[in-house]
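> From the sequence below, what's the structure:
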Amino acid sequence: SAVRKSSSGDHAVDILDQNSDQKQSDTKSTTIRPGSIFLDTNGDPINAHGGGFMFHDNVYYWYGEIKTGKTYTPPANANWGGSRVDLVGISCYSSQDLIHWE
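Purely as a prediction, here's the structure:
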């Protein structure tokens, strides 16, 4: 089967194998698909680059860098192609089930 069960406390979620044909299609999903774009409860993509997670008082927190703007290559990176997007802040999302982030 392409689905693994994972649980945390009272919550259970399905974690799909990366080769599965199923998709994480909306914020009502109960499935985590590795490599998919995670959406917040407003339907916007999570913007938490280089992020980390914390679990405290039965709530998960997802912290990361907010990056917006055009992708560019600084002159110092030109010989190896190290492109950048500007960091404009730090985000923090919260969830009780690892699926619905606000």
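> Below-threshold pLDDT in the chain: ranges please.
The chain contains residues with pLDDT under 70 at 1-29.
> Pick out the residue nearest the middle of it.
In the chain, the C-alpha nearest the mean C-alpha coordinate belongs to Phe38, at 4.7 Å (Cα atoms, centre = their mean).
> What separation is there between that one and Tyr63?
Note on Phe38: its distance to Tyr63, by Cβ to Cβ, to the nearest Å, is 14 Å. Yep, even glycine has a C-beta here, placed from its N, CA and C like the rest.
> All the helices of the chain, residue numbers only.
Taking DSSP state H, the chain contains no helices at all.
> which stretches of it form strands?
In the chain, the strands defined using DSSP state E lie at 3-8, 11-16, 31-32, 49-56, 59-67, 87-95.
> For the third one, which helices and strands make contact with it?
For strand 31-32, the helices and strands in contact under the criterion 3 or more Cβ pairs under 8 Å, 6 or more residues apart in numbering; DSSP states H and E are strand 11-16.
> burial of Lys70, as a residue count?
Neighbour count for Lys70, taken as other Cβ atoms under 10 Å: 8.
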